[in-house]
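# requesting a structural model of the entry that follows:
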Amino acid sequence: MNAEPVLAVYAGYSLKGAYVKPGPDLAPYVQDALDEIEYVTGPATSKWGSLRAKAGHPAPFTLTYVEVGNEDFFDRSGSYDQRFAQFNTAIKARYPNLQIISTVGFEHPENQRVRSVTPDVVDEHYYRTVDAFLRAARGQYDKYDRKGPKIFVGEWGAYETPFEPWNPRSRGEAPTPNMRAAIGDAAWMTEMERNSDLVIMNCYAPLLVNVNPGARQWRPNLIGYDALRVYGSPSYHAIKLFATNVGDEILKANATDTDVLVSVTRDSRSRTLYAKLVNPGNAASPVQLQVTGATLRPTATALTLAADPQATNSIDAPDRVVPVTSQVTGVAPGFTYTVPANGVVVLKLGLR
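Have a look, this model is predicted:
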């Protein structure tokens, strides 16, 4: 998969309010975290690295990020600040190059955040309605301090119902999201991509769901499966479009006189512009694309995901909502492209 893990370590808080006091009581858990890091990254000659090698993986894993706890904003004791600091001090002393993530981000009140030290990264979680993501996609991260911690959006997902995913009524809904939710997800991705100097990682959650009756705990989920089959939701296809069509440079992009959300990156090696366009409206929307400082090739490729807002995929109809590829001609400075209603489009524009 060419993937690198984010290692999460238990930080002394358990649900329903139980927590370990900072100081001597927390020390054994800090040592557990150090041992776990050695198991992942230590040489095969080390105590814990040798156990990894014995288990069949002699080479150390690459590790950059360690997250201290998970959703410790539920801890009403106020102890997370000192618990995080204790872990941070110990981990940095032995592994100074590791980036330490606070599980309380800027979406929570200041008195819940870590204040005694500055985390390298903070983890923000967002389960929002589609409309809430559409609003957030119009500048939430523009206001963040670029000198502050980086952002890991470690859990996020749009829901299309009038009630939250944890509401018991969600049990009667489809296990995976529909096209309307995919629009909210794609809109949010434009915001994260435009601000990827700050937002360094993101992770939709949950990823997988067993669609057999009674097997699931939550909705919406990105990918559904049973014992023999698997399918991707519209949101899966939207995320894949973003993840597989991205450059190495963020370009400034403005959308005026339109509700279409936009993000543009450039691949400096292939000389390709990737323009992501998200139309949340129920009518097609023409967008005039002005590209300055570069000459475009006359043809382009459009990858389009569009459908009725209620349309979705299922284990029996896995390809009802999937991207289609088409060619675009007449590409020139100021050309107009029409984004379909309830549509997500990636335009691949070649540069001369």
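
# now the strands for the stretch 151-300 of the chain?
Assigned by DSSP state E, counting those that start in this stretch, the stretch 151-300 of the chain shows strands spanning 199-204, 208-210, 223-225, 230-232, 249-251, 261-267, 272-279, 285-289, 296-306.

# distance check, Ala294 against Glu249.
12 Å (Cβ to Cβ, to the nearest Å). C-beta here means a position set from N, CA and C on the backbone, and glycine is covered the same way.

# domain assignment for this protein?
According to automatic domain parsing, the chain comprises the domains 6-247, 250-351.

# what's the first-to-last distance across the first one?
Distance between the two ends of domain 6-247: 23 Å, counting by Cα to Cα, to the nearest Å.

# relative to Leu349, how far out is Gly247?
To Leu349, Gly247 is 11 Å away according to Cβ to Cβ.

# give me the more crowded residue out of the two.
More neighbours surround Leu349 than the other of Gly247 and Leu349, with 23 against 18 (other Cβ atoms under 10 Å).

# and the helix or strand hosting that one, what's buried?
Taking DSSP states H and E as the criterion, Leu349 maps to strand 343-351. Neighbour-count burial for strand 343-351 flags Gly343, Val344, Val345, Val346, Leu347, Lys348, Leu349, Gly350 (criterion: 16 or more other Cβ atoms under 10 Å).

# state the distance from the fifth one to Gln217.
I take that to be Leu347. 38 Å.

# if we can go back for a sec, and Ala294 and Glu249? Which one has more around it.
Ala294 (13 against 10).

# surely the more buried one and Leu351 touch.
Yes - the pair Ala294 / Leu351 is scored as a contact, 5.2 Å apart, by Cβ atoms under 8 Å.

# next one: Leu63 from Leu289, what distance?
To Leu289, Leu63 is 41 Å away according to Cβ to Cβ.

# those two - which one has more neighbours?
Just comparing Leu63 and Leu289: by other Cβ under 10 Å the higher neighbour count belongs to Leu289, 21 against 17.

# residues touching that one, list them.
If you count contacts by Cβ atoms under 8 Å, 6 or more residues apart in numbering, Leu289 has them with Ala275, Gly334, Phe335, Thr336, Tyr337, Leu347.

# possible to save those residues as CSV with distance to Asp120 and pLDDT?
As requested, the contacts of Leu289 are arranged in CSV below (distance: Cβ to Cβ, whole Å; pLDDT from 0 to 100):
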residue, distance to Asp120, pLDDT
Ala275, 32, 96
Gly334, 43, 87
Phe335, 43, 90
Thr336, 44, 92
Tyr337, 40, 95
Leu347, 35, 97
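
# filter these to the buried ones?
Ala275, Phe335, Tyr337, Leu347.

# bridging across strands, which residues link to the third one?
Read it as Tyr337. Val287 (DSSP bridges).

# which non-adjacent residue is nearest Asn70?
Among residues not flanking Asn70 along the chain, Thr103 sits closest, at 5.5 Å (Cβ to Cβ, 6 or more residues apart in numbering).

# would you mind measuring from that neighbour to Tyr65?
Applying Cβ to Cβ, the value for Thr103 to Tyr65 is 12 Å.

# neighbour count: the two, which is higher?
A side-by-side neighbour count of Thr103 and Tyr65, using other Cβ under 10 Å, places Thr103 first with 27 against 20.

# residue contacts, the more buried one?
Counting by Cβ under 8 Å, 6+ apart, Thr103 has contacts Ala11, Glu67, Val68, Gly69, Asn70, Glu71, Asp72, Phe73, Tyr80, Val122, Asp123, Gly154.

# one more time with 6 Å, if that's ok
Shown in contact with Thr103 (Cβ atoms under 6 Å, 6 or more residues apart in numbering): Gly69, Asn70, Glu71, Asp72, Asp123.

# again, but for Val66
By Cβ under 6 Å, 6+ apart, Val66 lies in contact with Leu7, Leu98, Ile100.

# just list whatever residues bridge to the nearest residue to Val339 once chain neighbours are set aside.
Distances taken as Cβ to Cβ, 6+ apart place Asn279 nearest to Val339, at 4.1 Å, with adjacent residues excluded. Beta bridges link Asn279 to Gly343, judged by DSSP bridges.

# how far does the helix or strand containing Ala33 sit from its chain's centre?
Assigned by DSSP H and E, Ala33 falls within helix 27-41. The chain centroid and the centroid of helix 27-41 are separated by 27 Å under Cα atoms, centre = their mean, to the nearest Å.
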